[in-house]
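**Q** Need a 3D model of the sequence below.
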Amino acid sequence: MLQSYFIRSRIISVVLIPQSILFNQVNTLTYKARIQRLYNDGSDLKQQTVEINSTEHIRRCSLHKNDDIWTLYKTVHPNVRTLGDALHEGYINSKDGPCLGSIQTSNGIDSLQWLSYSEVAEKSRYIGSYLWAKTKLIPIQSKVAILSSNRSEYLFAEQACYQYGFVVVSLYTTYDFATILSVLQRTQAEVLIVDNLQRIQTFQDDLFKNSQIKEILVMDDTSHDENSKIRSFSAIFKTMKNTDLRERPTVDPDSIATFILTSGTTGEPKIAMISHENLLATAKGHILRLEKANIKAPLTDRHCSFLPMAHVYERFMLLQVLLGGTQLVFCPEPEKLPYYLSIVKPTQASVVPRVLNKVYDAIMTEVNKSTIKKFLIQQALRERPWFLSYFVFRKVKKLFGNDLKVMITGAAPITPDVMHFFRIALDMPIMEGYGQTESAGAGTSTHPTDVSYGTIGSPVPVIDIKLVDVPDTNYRSENNQGEICVRGPSVFKGYYGDEAKTREVLDKDGWLHTGDVGEWTSDGALRVIDRAKHIFKLSQGHYIAPERLEDVYIRSRWISQIFIDGMPSEATLVAIVIPDEDYVRKNYQSAVAGKTFADLCKDEKLKEIILSDIKRLAKVYKVKFYETLSNIYLHSELFSQNNELLTVTLKTRRANARTRFEPIIKSLYRTKSTTKNKFS
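**A** Next up, the predicted model:
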């Protein structure tokens, strides 16, 4: 899992900031001056947005206050009208240079072997032509599901569908067989593409019996009966001839390109319909922002893809990569990422905060053991002297391949201390983005020159944003607070087969109601402060945003996962805590060999230690008195997709968790914090 792949011996030797050192904005003028000199996009950081409608309080990026967001992005790569045009655009911009790389080993030496843009395009055309001519799929109508880890063949298949107008149904490899069969049925997919037969071994017979599934294409070489539904990519490439290649059909940019499943934090995943135009608007809008800040080739020459291709974030990032003619290498297994980074040496990276958090936290424990390392880190982060950080953080740079020039993080908030560390350690612009599946990933991003913390920047130039009142709360648009609503060419077409859910989030004027609560800062930047659907009220009338507090308390080294909840009849908060088993066994004296983790979670003293650390963090991060936990329950089983407590994007399924732990939550209010767990 992404949560653990960076915890390897090669990391432990890297110097890192100790937990006791919080981020410090002071004395980072050297870094700040360098970034603002190199990547100035002309924005006024004191007025990042302007209000273009005083009645509805609609805002847009101040750099584009006079632009038409519905047409501006079309000036970027103007010949690219559909996603199927991306490879040809990359072919032109790279002069048919390297497109897809794979690691090959010869005589014990690892090297990258490349397919050019024209070779990748040809393979995609073979697959697309096969699906059209042999499998008899219908452009603009037929759906093709892809269930695979990140690899070159995934791109062949995806681009084949885009070029020939078939709708891509993205499936996460973490889905269980029941979910996969359900999605196939709901979407009426006619073809399933998998990386290997082991992926579908447990439900292969169900697929064979399903008359809806015409064919199962396998990326790996595999033997198959000519009369069976199974066929390998290699067989297609061997049997198809140049004369079999079909001319691409005309594809309407407004037609559906892909179905992307939402994470499902509030219920079962919904199927978002994303058009060619939606994804192109997002990718081109981000390119506009980056190029305005001088972030383009050679800074973006090489990319290593490891985030799931089923996720909208990686989807539009890869589209940007192809449009620019960038070199691309897929990392098929997250735990192999350090090895891949050392070979690929990417110049750009798209990451999620949990990756950076794990790098940060894994090394932090080791650094705490050395007073000298603590001192050096403190001085390096303050740039005293300015050149010290170069020597202190050399291994951190090497960890990411040593050639990284720019990083974008998204999908979840990143804490200021982690952001500050990596900005100084890697000495490059790190931007934070915000978006949703329903907006094709478009929303806001920070300007490269903005080295402040805690905001998500201004709208990208394909989005307008307004904040609307949140009923039964104090969040009011007149106070520059409210639910974040976005409108623009990237907003999706609705949920497939669910008009009622579509109407809940997409109003008659085209505004997407995100469910997130935002706040405009005095500088005109946006800050996410709550999640509207997860807010609840305590007895004294205070509204609680549990996810924001969980982001604070998860900083405890004793805690692996935490779920905060409360009851309207009570004045305090309680939580279900899953301790970090490795850390507990190393640092808790009573964790003797042979004692099960479940038994440790019943240990009253351990509970008090963890609760005490939670209260320490409450003081450090200045949370309000009613946001400090009054009691906790130690649970020994990690939240996961298997027990239906985590989504595919590793977010807590709060409705499920509340139902599962309701008796325990109630008991925590009936007992004092010194009462032992009774539900193990």
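
**Q** can you map out the helices along the stretch 551-680 of the chain?
**A** 581-587, 597-600, 604-620, 654-660, 662-670 (DSSP state H, counting those that start in this stretch).

**Q** Next: the stretch 401-550 of the chain.
**A** Counting by DSSP H, counting those that start in this stretch, the helices of the stretch 401-550 of the chain are 416-426, 499-505, 546-553.

**Q** and Pro459, which of the ones you listed is closest to it?
**A** helix 499-505 (18.2 Å; CB to CB). For every residue, glycine as well, the C-beta is placed using N, CA and C.

**Q** any idea how far that closest one is from the chain center?
**A** 24 Å (CA atoms, centre = their mean, to the nearest Å).

**Q** Give me the distance between Pro334 and Ser129.
**A** 33 Å (CB to CB, to the nearest Å).

**Q** in this protein, what spans have low per-residue confidence?
**A** For the chain, the stretches with pLDDT under 70 are 1-29, 224-227, 264-267, 362-365, 591-592, 649, 672-680.

**Q** Apart from its neighbours in sequence, what residue is nearest the residue nearest the centre of it?
**A** Taking CA atoms, centre = their mean, the centroid of the chain lies closest to Ala411, which sits 3.7 Å from it. Excluding the flanking residues, the one nearest Ala411 by CB to CB, 6 or more residues apart in numbering is Val352, at 4.5 Å.

**Q** Once you drop chain neighbours, what's closest to Asn210?
**A** Asn210's closest residue in space is Leu184 (CB to CB, 6+ apart), at 7.5 Å.

**Q** pretty sure the one you found is touching Ile216, no?
**A** No: taking contacts as CB atoms under 8 Å, Leu184 lies outside contact range of Ile216: 10.9 Å.

**Q** list the residues that contact both of those two?
**A** Leu192 (CB atoms under 8 Å, 6 or more residues apart in numbering).

**Q** Mind listing the residues bridging to the closest residue to Val194 other than its chain neighbours?
**A** Leaving aside its chain neighbours, Val194 sits nearest to Leu147 (4.9 Å; criterion: CB to CB, 6+ apart). In this entry, Leu147 is beta-bridged to Leu171, Val194, by DSSP bridges.

**Q** For Leu147, give its distance to Ala157.
**A** 11 Å.

**Q** Common neighbours of these two, please.
**A** Ile193.

**Q** related to what we said a few turns ago, and the residue nearest to Ala411, how many neighbours?
**A** Neighbour count of Val352, defined by other CB atoms under 10 Å: 19.

**Q** show me what contacts it?
**A** Counting by CB under 8 Å, 6+ apart, Val352 makes contact with Leu2, Leu307, Tyr313, Thr409, Gly410, Ala411, Ala412.

**Q** picking up where we left off before, just to check, the residue nearest to Val194 is in contact with Val169?
**A** No: applying CB under 8 Å, one finds Leu147 not in contact with Val169, separated by 9.2 Å.

**Q** hey, C-alpha coordinates of stretch 419-431 in PDB?
**A** Extracted in PDB, the C-alpha atoms of stretch 419-431 (Å, rounded to 0.1, in the frame of the first residue of the first chain):
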ATOM      1  CA  MET A 419       5.000  21.100   3.100                       C
ATOM      2  CA  HIS A 420       7.600  23.400   4.600                       C
ATOM      3  CA  PHE A 421      10.100  20.500   5.000                       C
ATOM      4  CA  PHE A 422       9.800  19.300   1.400                       C
ATOM      5  CA  ARG A 423       9.900  22.800   0.000                       C
ATOM      6  CA  ILE A 424      13.300  23.500   1.600                       C
ATOM      7  CA  ALA A 425      14.600  19.900   1.300                       C
ATOM      8  CA  LEU A 426      13.900  19.600  -2.400                       C
ATOM      9  CA  ASP A 427      14.400  23.300  -3.200                       C
ATOM     10  CA  MET A 428      11.700  23.500  -5.800                       C
ATOM     11  CA  PRO A 429       8.100  24.800  -6.300                       C
ATOM     12  CA  ILE A 430       5.500  22.500  -4.600                       C
ATOM     13  CA  MET A 431       2.000  23.400  -5.500                       C
END
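
**Q** Now do the strands in the stretch 51-200 of the chain.
**A** With DSSP state E, counting those that start in this stretch, the ranges of strands along the stretch 51-200 of the chain come out as 58-61, 98-106, 109-116, 143-147, 167-171, 191-194.

**Q** before we move on, back to that, how close does the residue nearest to Asn210 get to Leu549?
**A** 39 Å.

**Q** now swap in Gly457 and tell me
**A** For Gly457, the distance to Leu549 - CB to CB - is 24 Å.

**Q** higher neighbour count, those two?
**A** Comparing Gly457 with Leu549 by neighbour count (other CB under 10 Å), the higher total belongs to Gly457, at 26 against 23.
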